[in-house]
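Participant: Okay, predicted coordinates and the sequence, questions at the end:
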Amino acid sequence: MGFWRQIAEYFYIKKRDPNAPNTQWMRYMHGINRISIFMFLAAIIFMIIRLFFKH
């Protein structure tokens, strides 16, 4: 599975593969990955804002 397809599935942009395993641990892993991606994007946005609007 491609990197961008996996990211799209994490953010519910693209439908999951129906043949992919659907275990409890897989759902936990995807949830943690989703949280980490959101935190990373928030940090990048914060750094950009701080870079441009620092006094």
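Facilitator: Received it, and whenever you're ready, just let me know what you need. Computed from a predicted model, the values in this text were never measured in an experiment. Residues are numbered from 1 along each chain as shown.
Participant: can you tell me how far Gln24 sits from Ala43?
Facilitator: 29 Å (CB to CB, to the nearest Å). For the C-beta atoms, the positions are set from N, CA and C on the backbone; glycine is no exception.
Participant: which of those two has more neighbours?
Facilitator: Applying other CB atoms under 10 Å to Gln24 and Ala43 shows that Ala43 carries more neighbours, namely 10 against 7.
Participant: Tell me the spacing between the more buried one and Phe11.
Facilitator: Taking CB to CB as the measure, Ala43 falls 17 Å from Phe11.
Participant: same thing with Tyr28?
Facilitator: Distance from Tyr28 to Phe11, by CB to CB: 17 Å.
Participant: next one: Phe52
Facilitator: Separation of Phe52 from Phe11 (CB to CB): 26 Å.
Participant: Summarise which helices and strands the lengthiest helix in the chain is packed against.
Facilitator: Using DSSP state H to define each element, the chain has its longest helix at helix 24-53. Helix 24-53 sits against helix 3-10, with contacts defined as 3 or more CB pairs under 8 Å, 6 or more residues apart in numbering; DSSP states H and E.
Participant: Please identify the buried residues of the helix it packs on?
Facilitator: Buried residues in helix 3-10, counted by 16 or more other CB atoms under 10 Å: 9-10.
Participant: helices or strands up against it?
Facilitator: Helices and strands touching helix 3-10, by 3+ CB pairs under 8 Å, 6+ apart, are helix 24-53.
Participant: how about the helix it packs on: buried residues?
Facilitator: Buried residues in helix 24-53, counted by 16+ other CB under 10 Å: none are found.
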